[in-house]
Structures are given as structure tokens and as C-alpha cells.
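> my questions are about this predicted structure, shown below with the sequence.
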Amino acid sequence: MPKRNVNRAYKRGEAHRDARLFIIVTEGEREDKYFGWFDRKNQRIRVQLVPRQEQASAPKHFLNRLHQFLDTEGIDPQIGDNVWFVLDVDKWTRESIEALIIACEQNNQWHIAISNPCFEVWLNLHHGPLPNGDLDCNALKTMLNARHRGGFHPDTICPLLDDAIRYAQEADTHPEQMFPGRMQTKVHSLAVAMSAVLGQNWR
């Protein structure tokens, strides 16, 4: 795929913008609800979720979705705007994700945050470390519902961001790698970047 110029100025909003923009490409509604909760929590942060296309949630579609978004929305790397791909490995092979990893290695403003096997690893870590053993996604969803009366809701989970970061970092056996081990997640990398922008008084 030929390189495209994505480092164009931000096209929407004020003529001068101080807020840091996080452009996030996900594969599911739960991820969108989670990260969308942080949009405009204070004047320092903006979160833009790249629209999903029906029947186009596979990693191979992520780059096309991002390029279509940037063609209309734009990005300003000079004030720290950045792109994050957030995805799981429960349905996709490591080989199918490799193109995204390579794209992130070639662009300083692009990053990837993978959960193994699914995003519920990250959500559960808001409430403490995961138990020993290998759980599938259904078991992780059941655990999340048990920990949260009524199941997942951003208003109750997102304020626990600092706890999730700590537990995810403690569980990460290979922090230097983009691909997590089983029952691990790299979403804490995105969370750390967002937390640095949010500061202390956002909850």
C-alpha cells in the first residue's frame, strides 16, 4: 500500500486548538463506549472514534477506515495528536495483525493496543488482577458481569483507570513488545498516554 500524507492540520474545530486528539480505531461497540467516555473530560483531551463499517471489523480494514477518516478530519502531530488501533486476538491470527504493527512502526504518531484474547481482559483489570489460569472471552465477560452489577458501564469502570493501568503493567511479562501474552493486554499503553493528558482533576 503506498504511503499517504496523514500529517495534515486538523480540519475541524477552532482555528487554534490546545486539546490533544486521540484518534481511536476499534472493532467493537464496547470499546467505543469505553474510550468515548473520556472525550472532553477536560479541555486538554479530545477523543475521536473512527466509524466502523458493517462487515468490516477485521484488522485488514483498520487502515482503510483510518485513511477515510483522516481525509476528512485531519490530524495535527505538532500538538501531539496520535492514532491508536485497539483490537483483540480472539478472532484474528497474529499474521492478520502484522500489517497494523508494521504501519505503527513506520509512523511515530500511530500506535497499537492489543488484548489477548479480548478487550474484557482490560475491563476486568479495573477491579484487580486476573485469577491464574487461561480464560476464554465468554468466561471473562461473565467475570466482568459478576464484578459489576448490571454489567459493563463506562460511568462505573472508567474512573478506575489508574487501577487498570497498574494491574495491566504488573501482568505484562514483555512490556517491550507490541503483542501481549495470553490473559494480558497492551491497552495500558493507551491509558497511560490519555492519563498524562487528563492530569489529576478529571473524574
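Sure thing, it's come through.
> for the nearest residue to Asn82 once chain neighbours are set aside, give its distance to Leu66.
When the adjacent residues along the chain are set aside, Asn82 lies closest to Gln109, with 4.7 Å between them (C-beta to C-beta, 6 or more residues apart in numbering). For glycine as for every other residue, the C-beta is placed from the backbone atoms N, C-alpha and C. Using C-beta to C-beta, to the nearest Å, one gets 11 Å for the distance from Gln109 to Leu66.
> list the buried ones in stretch 182-194?
Burial within stretch 182-194, assessed by neighbour count using 16 or more other C-beta atoms under 10 Å, is assigned to 183-191, 193-194.
> what do you get for stretch 107-127?
Residues 109-127 are the ones in stretch 107-127 that count as buried (16+ other C-beta under 10 Å).
> tell me who's in contact with the nearest residue in space to Ile114 that is not next to it in sequence.
Beyond its immediate neighbours in the sequence, the residue positioned closest to Ile114 (C-beta to C-beta, 6+ apart) is Lys186, lying 5.2 Å away. Taking C-beta atoms under 8 Å, 6 or more residues apart in numbering as the contact definition, Lys186 lies against 112-115, 172, 178-180.
> rerun that using 6 Å as the cut-off
For Lys186, the contacting residues are 113-114, 180, by C-beta atoms under 6 Å, 6 or more residues apart in numbering.
> for His153, give its distance to Val89.
In this structure, His153 and Val89 are separated by 25 Å, where distance is defined by C-beta to C-beta.
> who has more neighbours, these two?
Between His153 and Val89, counted using other C-beta atoms under 10 Å, Val89 has the larger neighbour count: 18 against 13.
> list the residues that contact the spatially closest residue to the more buried one that is not a sequence neighbour.
Distances taken as C-beta to C-beta, 6+ apart put Asn116 closest to Val89, at 5.0 Å, once the chain neighbours are dropped. Asn116 makes contacts with 89, 180, 182, 184, as judged by C-beta under 6 Å, 6+ apart.
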